[in-house]
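Colleague: everything below, folded, please.
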Amino acid sequence: MYTIGQVVEMTGFGHDTLRYYEKFGLLKPQRKRSGGARVFSEDDLRLLFGLKCLKRLGLTLELNFRSM
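Modeller: Residues are numbered from 1 along each chain as shown. So this is what the prediction gives:
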């Protein structure tokens, strides 16, 4: 399990980006640390590295929930 700071350092995504992904349900970190701090799993990291690769290819992530 990884803290948000560790995930930022490993992936290059910022805190705000991770919170944005969490808000829209892409990430579902657990709150296991004292004080309710987020912890991220290996699956979360794999998803983020996949998103990073897609971003490098020029693809964008468009979250459009109006059609849901």
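Colleague: for this protein, longest helix please?
Modeller: Taking DSSP state H as the criterion, the chain has its longest helix at helix 42-56.
Colleague: output the contacting helices and strands for the strand or helix carrying R19.
Modeller: Applying DSSP states H and E as the criterion places R19 in helix 15-23. Counting contacts by 3 or more C-beta pairs under 8 Å, 6 or more residues apart in numbering; DSSP states H and E, helix 15-23 packs against helix 4-11. Every residue, glycine included, has its C-beta placed from N, CA and C.
Colleague: so which bits of the helix it packs on are buried?
Modeller: 4, 7-8, 11 (16 or more other C-beta atoms under 10 Å).
Colleague: so who does L54 touch?
Modeller: Shown in contact with L54 (C-beta atoms under 8 Å, 6 or more residues apart in numbering): L61.
Colleague: who does the lowest-mean-pLDDT helix or strand in the chain pair up with?
Modeller: Across the helices and strands of the chain, mean confidence by mean pLDDT, DSSP states H and E is lowest for strand 30-31: a mean of 80. Applying DSSP bridges to the sheet, strand 30-31 is found paired with strand 38-40 (antiparallel).
Colleague: mean confidence score for the partner strand?
Modeller: The pLDDT scores in strand 38-40 average 90.
Colleague: before we move on, what about stretch 1-14?
Modeller: The average pLDDT for stretch 1-14 rounds to 93.
Colleague: over to stretch 45-57?
Modeller: 90.
Colleague: how much space separates the residue nearest in space to the middle of the chain from L47?
Modeller: The chain has L18 as the residue nearest its centroid, 4.1 Å off, counting by C-alpha atoms, centre = their mean. Per C-beta to C-beta, to the nearest Å, L18 is found 11 Å from L47.
Colleague: what's the overlap in contacts for those two?
Modeller: By C-beta under 8 Å, 6+ apart, the residues touching both L18 and L47 are L27.
Colleague: Q30 contacts D43, correct?
Modeller: No. In this structure Q30 lies outside contact range of D43 using C-beta atoms under 8 Å: 11.0 Å.
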